[in-house]
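Colleague: next input, structure requested:
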Amino acid sequence: MNRIGKERYPAAKLPDDLWEGIDPGETVTVTVVAETSRVRRSKRGLFGVARTRVTSVQDAVARIRHPGDEWN
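Modeller: Purely as a prediction, here's the structure:
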């Protein structure tokens with residue numbers, strides 16, 4: 001998660017919808033946090049998923065070498 005903070009930022013520089021009700025001559029503290037939409041999984045979780053699939057090495061190699069076969 002990325003976070004940016006600015007202290008004593010001029011309220012007049014904010015977009016109109018953000019400084020509604022604040023005197024444009026005042027200074028404000030602004031904090032912006034970037035929200036990510038992708039799901040993060042730990043390595044332990046990923047290995048747990050792989051552990052539950054019953055596949056031989058030969059089957060896995062065949063699926064990788066011929067990926068289009070599963071759609072026929």
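
Colleague: number of nearby residues for the nearest residue to Arg3 once chain neighbours are set aside?
Modeller: Setting aside the residues directly before and after it, Arg3 is nearest to Val33 in space (C-beta to C-beta, 6 or more residues apart in numbering), at 5.0 Å. Backbone N, C-alpha and C define where each C-beta goes, glycine included. Applying other C-beta atoms under 10 Å, we find 9 other residues in the vicinity of Val33.

Colleague: now do Val33, the pLDDT please.
Modeller: With respect to pLDDT, Val33 scores 87.

Colleague: now it: phi and psi?
Modeller: The phi/psi pair for Val33 (degrees, to the nearest 10) reads phi -120, psi 120.

Colleague: do you know how far it is from Gly5?
Modeller: 9 Å (C-beta to C-beta, to the nearest Å).

Colleague: next: Pro24.
Modeller: Separation of Pro24 from Gly5 (C-beta to C-beta): 21 Å.

Colleague: where does this protein have low pLDDT?
Modeller: By pLDDT under 70, the low-scoring segments of the chain are 1, 37-53, 67-72.

Colleague: those helices in it, which residues are they?
Modeller: Taking DSSP state H as the criterion, the chain carries its helices at 43-52, 57-65.

Colleague: identify the spatial nearest neighbour of Pro24, chain neighbours not counted.
Modeller: The shortest distance from Pro24 to any non-neighbouring residue, by C-beta to C-beta, 6+ apart, is to Ala12 (4.0 Å).
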